[in-house]
Each structure stands twice: as C-alpha cells, then as structure tokens.
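A.B. asks: what shape does this take:
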Amino acid sequence: MNDAMILTGLVIAAALAFDFVNGFHDAANSIATIVATRVLKPFHAVLWASFFNFVAVFFFGTGVAHTVGNGMIDLSMVTPVVILAGLVGAVLWGLVTWWLRMPTSSSHALMGGYAGAAIFNSAVKHGLSSAYASIIVSGWTPILLFIIIAPMLGMAISHVLMKITLAAQNKVPPEKADKIFGRMQLVSSACLSLMHGSNDAQKTAGIIAGALVASGYFQHFTIPPWVLFMSYGMMGLGTMAGGWRIVRTMGHDLTRLRPNGGFCAETASASAILIATCLHLPVSTTHVTTGAILGAGAARNVKSVRWNLAGNIMWAWVFTIPGAAALGGIVMGIAVLCGG
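C.D. replies: Have a look, this model is predicted:
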C-alpha cells in the first residue's frame, strides 16, 4: 500500500468522521421540535430521524454533491492534503460549537474549512496574489445568498402555516388539537429528516468524490453508489448518537412549542430544504430550522421568542464560514510545516 493510497484512505475516513459529526451536531434540527412537544421520547426520535436520514439516498440524486465536489473549488488546484485539512477544520468547528450549544451550520463549516485550506495552499504554491485562484466565485454566489434566503424562507412559510393553523383550530379543544397535530408531526418530522439527509449527506459524498479525483483514481468527477451509501449511512449513525446539547437550545430555549407549532416548523423546514435541493444548492438545515421555529413562535406570540438568543445564534452563523476557513487554513499550515 503506497503513500497516496494511505492519504486517500485518511481523506475518506475524515470525510466520514465529518459526516458523523454532522449527523450528531444536526440531530437537533430533525428531532428538537418533536421532542420539545413530547410527541416522541428522545431515543425514539433519534431512531426515527436516523432512519429517514438514510433512506433519502434512494430519492434525490446527486445534484448537491456535484455542486460541493466540483462547483466551488477548482479540483485541478487542490490535493488530497487540502481536502483533508478542510475536513479537519470543519470537524473542529462542529465540535466546538456543539460544546457551546450553538446550532451553527455543519454545511457551512465544511465549505469554509475546504475553502480556507485551498486558499492557504494556493498562497503557498503560487504566491499571495493567487491565494483565491482556486475559488470558483460563480459557485459560491448562490450559496452565500441562501445563507440569508434559506432561514427567511423557513420563517415565512412557518409563520403563514402557523397563522392558518391557529385560525383553523379555534373551535377545537386544545387537548384534541394537540393529539391531532402530534400525529401529524410524525409525518412532518419524517419529511424534515428525509430532506436533511438528502441535502447534507450529499455534501460529504461530493467531498469524497473530489478527493478521488484529486488523488488520480477518477479522471472525471463522478459519484459511485458506494460513496453515497457510506455517506448516508454515516450521517444516520451520527443522528442516532444524538446532539442533546443543541436539542435544548433549538427545542426549548428559543421558544416553547406545542404540537401545532412543531408541525408548522418541520413542514416549513422540509419545504425550504426541498427547494434548495431541487436547485442543487447545499443549504444549512440548521439555518432553515431555526428560522422556521422562530416563525412559528412569533405567529403565536412575538414575546414568546427569545430574540436575544436568536441574535446570538445568527452571529454564530456569520462567523461559521470564516471561522472554519481559519481552522482549515491553520491545519493546512501545520501540514505544510510537517512536509505535507
């Protein structure tokens, strides 16, 4: 086994580790509302979410994977070491924000870490004036726009759904309404987990495929079935492990949700992610779900939302890409110093 094969194996292992952390970190997106409304117990909720994370592999193609794998960074200017450094930076960012109970975007951490490592590599090889030569600007533009659009879309859909729901259940006893919407949440949370898997697992698949091209194993960018199944399976395992620290932030601290609010937030999140997936855009499930929860809470009572906490979360979103990029660059710098 030669060095190139070992390095490629390390990149794939790091990508799958990121995938696991992604599922672990983002489990809150899929289960926070259904746990907060007590429709499912936490253990049952993570099993429910992880199952639908995995079965998404059969439904949504590889459009997002192609965008992440070869639409953002010029693969002719990266090496497996660059991809490995970017993944390590993203994993570090995910673990730090999980510990701080901040629902930041694992997707944006991945993109930031990858870009940071690629920029550092270009600067070292071609000089500071060429540091950004590996960045495909046209690929980044819609993704950066969706950092704003995605949570706003989730919030708007959730707010409208909640207003309609509140008007429709005026003459229904609260206990009966909770029971009905509790059952409906099983469907809406399944849809959200399905869309979470469809968008997020593809990002890891794209990174692995990019690494195989950079290593010379593939002449052209392609995503074989085994890469997809590994990516979706590892995300499901990460979700099963559960990110309980962030579940509390998402499901309790932002606003108190009843089953009707949980249903509206989950349905809105799934709808917004579906739109992005159909457009082949890697979108943040965390951003969309947070926006949807805020929309549902504000529709019921604006004062019930902890807007100061929401503001802190949004600042964490702002710093995710540059923060993960810095970590990716630092890891790349260490690799260069060590002879990588």
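A.B. asks: do a quick rundown of the helices in the chain.
C.D. replies: 3-36, 42-55, 63-70, 80-99, 106-126, 137-168, 174-214, 225-241, 244-248, 259-278, 285-300, 307-337 (DSSP state H).
A.B. asks: how about CSV for these, with mean neighbour count and mean pLDDT added?
C.D. replies: Just so you know, the C-beta spots here come from the backbone N, C-alpha and C atoms, and that holds for glycine as well. Shown next, in CSV, are those (neighbours: other CB atoms under 10 Å; pLDDT from 0 to 100):
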stretch, mean neighbour count, mean pLDDT
helix 3-36, 24, 78
helix 42-55, 21, 83
helix 63-70, 23, 88
helix 80-99, 25, 87
helix 106-126, 26, 90
helix 137-168, 18, 89
helix 174-214, 23, 87
helix 225-241, 22, 88
helix 244-248, 20, 53
helix 259-278, 26, 90
helix 285-300, 28, 84
helix 307-337, 18, 84
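A.B. asks: how close does the residue lying farthest from the centre of the chain sit to G86?
C.D. replies: Centroid-distance maximum for the chain: K171 at 38.8 Å, with CA atoms, centre = their mean. K171 sits 55 Å away from G86, taking CB to CB, to the nearest Å as the criterion.
A.B. asks: then W140?
C.D. replies: From W140 to G86 the distance is 15 Å (CB to CB).
A.B. asks: quick one: contacts for the closest residue in space to A156 that isn't next to it in sequence?
C.D. replies: Spatially, and ignoring its direct neighbours in sequence, A156 is nearest to G295 (6.6 Å; CB to CB, 6 or more residues apart in numbering). When contacts are counted by CB atoms under 8 Å, 6 or more residues apart in numbering, G295 touches G154, M155, A156, I157, S158, H159, M162, C264, A265, A268.
A.B. asks: what's the spacing between T67 and G112?
C.D. replies: 15 Å.
A.B. asks: over to N260?
C.D. replies: 36 Å.
A.B. asks: then S138?
C.D. replies: Counting by CB to CB, the gap from S138 to G112 is 18 Å.
A.B. asks: K179 now?
C.D. replies: Counting by CB to CB - K179 and G112 are separated by 43 Å.
A.B. asks: repeat for G311
C.D. replies: Distance from G311 to G112, by CB to CB: 21 Å.
A.B. asks: before we move on, what about K125?
C.D. replies: With CB to CB as the criterion, K125 and G112 are 21 Å apart.
A.B. asks: likewise for I207?
C.D. replies: From I207 to G112 the distance is 13 Å (CB to CB).
A.B. asks: the residue lying closest to F60 once chain neighbours are set aside: what's it in contact with?
C.D. replies: Nearest non-adjacent residue to F60, counting by CB to CB, 6+ apart: S198, 3.9 Å away. Contact analysis of S198 by CB under 8 Å, 6+ apart lists A56, F59, F60, V64, I273, T277.
A.B. asks: would you agree the last one is in contact with G197?
C.D. replies: No - the pair T277 and G197 does not pass the contact test of CB atoms under 8 Å, sitting 10.3 Å apart.
A.B. asks: okay, and the common contacts of these two?
C.D. replies: In contact with both T277 and G197: no residue, using CB under 8 Å, 6+ apart.
A.B. asks: that older thread, would you turn the contacts of S198 into a markdown table with distance to A299?
C.D. replies: Formatted as a markdown table, these follow (distance: CB to CB, whole Å):
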| residue | distance to A299 |
| --- | --- |
| A56 | 29 |
| F59 | 30 |
| F60 | 29 |
| V64 | 30 |
| I273 | 20 |
| T277 | 26 |
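A.B. asks: between those, which is closest to A316?
C.D. replies: I273 (19.8 Å; CB to CB).
A.B. asks: got the contact list for the residue nearest to that closest one when sequence neighbours are not counted?
C.D. replies: Spatial nearest neighbour of I273, excluding adjacent residues (CB to CB, 6+ apart): M195 at 4.0 Å. Neighbouring residues of M195 by CB under 8 Å, 6+ apart: A56, S269, A270, I273, L274, T277, T285.
A.B. asks: wouldn't D178 be in contact with G261 here?
C.D. replies: No - here D178 does not reach G261: they are 10.7 Å apart, not a contact under CB under 8 Å.
A.B. asks: residues contacting the residue nearest to A325 when sequence neighbours are not counted?
C.D. replies: Nearest residue to A325 in three dimensions, chain neighbours excluded: G116, at 3.2 Å (CB to CB, 6+ apart). By CB under 8 Å, 6+ apart, the contact set of G116 is G86, G89, A324, A325, A326, L327, G328, G329, M332.
A.B. asks: for G116, give its distance to N170.
C.D. replies: Counting by CB to CB, the gap from G116 to N170 is 52 Å.
A.B. asks: what does S107 give?
C.D. replies: Applying CB to CB, the value for S107 to N170 is 39 Å.
A.B. asks: ok, now Y232?
C.D. replies: On the measure of CB to CB, Y232 and N170 end up 42 Å apart.
A.B. asks: and K203, by the same measure?
C.D. replies: Taken as CB to CB, the span from K203 to N170 is 43 Å.
A.B. asks: can you check F43 too?
C.D. replies: 35 Å.
A.B. asks: need the contacts of M195 in a markdown table (columns: distance to S134).
C.D. replies: A markdown table is the format used below for those (distance: CB to CB, whole Å):
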| residue | distance to S134 |
| --- | --- |
| A56 | 30 |
| S269 | 33 |
| A270 | 34 |
| I273 | 28 |
| L274 | 31 |
| T277 | 26 |
| T285 | 27 |
